[in-house]
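next one to model:
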Amino acid sequence: MGYVTAVPHLRPEAAGPARAGRRSLAIALLSGALGAAVVLLATRQRWSEGTATVAGGEFPLTAQGSDVTGVPAALAIVGLAALVAVFAVRRTGRFAVAALLALCGAGTIVAASLGASDSGALDTKAAEATGDTSATVDSLSHTGWPYVAVAGGVLLLLAGLLALRYGRMWPTMSGRYERGAARPARSSAPAVDPDRPEDLWKALDRGEDPTGA
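I've put the predicted structure just below:
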């Protein structure tokens, strides 16, 4: 009577963390890169507009996001650099970089939200246009671009939170070129006896010259 050997099955729980790590990595990379791009794009657009009274007439004024505040663009660049740096560090360093990425997202949200109702940039332009330092902008209105920057900040924040939660499961850069890494020493080849044909063939198979001194 024969015996049937049971083949062990892989536990589905073992594949869960690996799958979660891959999924979170893909989402973090996409949301982080997209968030930074959205913020940089939004800060180059018109955030507010109004008019200034010059010589009895109305002079139109506009302000881009970079005129209102330079914080979102700066944080987007830092956040993008942190997203790349996550894969270059390990353990505590990875946690710190992930926290920096999340803080960049949160800071972008706050700065862009404040800029959505800011009038300082247009007041400055009104003072320059009229030559009156006390002049302020009239008919002030804002566009939706500050809220687009807020959405980009949310994506950066999401990437940072994912890095904080799942970063320990993500791969790191290869350490093959790290300083101090030693290559395994090649074993010395056995001596070749010219009177033994099998030794000559083995030397040729190893890529050696059996006739060499």
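
which SSE is residue 159 in?
For residue 159, the host element (DSSP states H and E) is helix 145-166.

give the buried residues for that helix.
145-146, 148-164, 166 (16 or more other Cβ atoms under 10 Å). (Glycine included, C-beta is placed from N, CA and C.)

list the contacts for the most centrally placed residue in the chain?
Nearest residue to the geometric centre of the chain (Cα atoms, centre = their mean): residue 83, 2.6 Å. With contacts defined as Cβ atoms under 8 Å, 6 or more residues apart in numbering, residue 83 is in contact with 28, 29, 32, 33, 36, 101, 159, 163.

now residue 98
Here residue 98 is in contact with 82, 86, 160, 163, 164, 167 (Cβ under 8 Å, 6+ apart).

again with residue 142
47, 48, 49, 116, 117.

please pull up the helix or strand immediately following whichever strand or helix holds residue 95.
In the assignment (DSSP H and E), residue 95 maps to helix 91-115. Reading on from helix 91-115 to the C-terminus, the next helix or strand found by DSSP H and E is helix 120-130.

packing partners for that following helix?
Contacts defined by 3 or more Cβ pairs under 8 Å, 6 or more residues apart in numbering; DSSP states H and E place helix 120-130 against strand 46-54, strand 57-64, helix 65-68.

list the buried residues for the longest helix along the chain?
The longest helix of the chain (DSSP state H) is helix 12-42. Buried residues in helix 12-42, defined by neighbour count with 16+ other Cβ under 10 Å: 21, 24-25, 28-29, 31-33, 35-36, 38-42.

what's the answer for stretch 97-113, then?
97-98, 100-109, 111-112.

closest to residue 70 out of the residues you listed?
residue 111 (8.9 Å; Cβ to Cβ).

just to check, that closest one is in contact with residue 75?
Yes: with contacts counted by Cβ atoms under 8 Å, residue 111 reaches residue 75, the gap being 7.2 Å.

quick check, residue 64 in contact with residue 47.
Yes: Residue 64 is in contact with residue 47 according to Cβ under 8 Å; the separation is 6.4 Å.

which of these two has more residues huddled nearby?
When neighbours are counted by other Cβ atoms under 10 Å, residue 64 and residue 47 differ, and residue 47 comes out ahead with 28 against 15.

any stretches of this structure with poor pLDDT?
Along the chain, the model assigns pLDDT under 70 to residues 1-18, 173-213.

which of the buried residues of helix 12-42 sits closest to residue 127?
residue 42 (25.9 Å).
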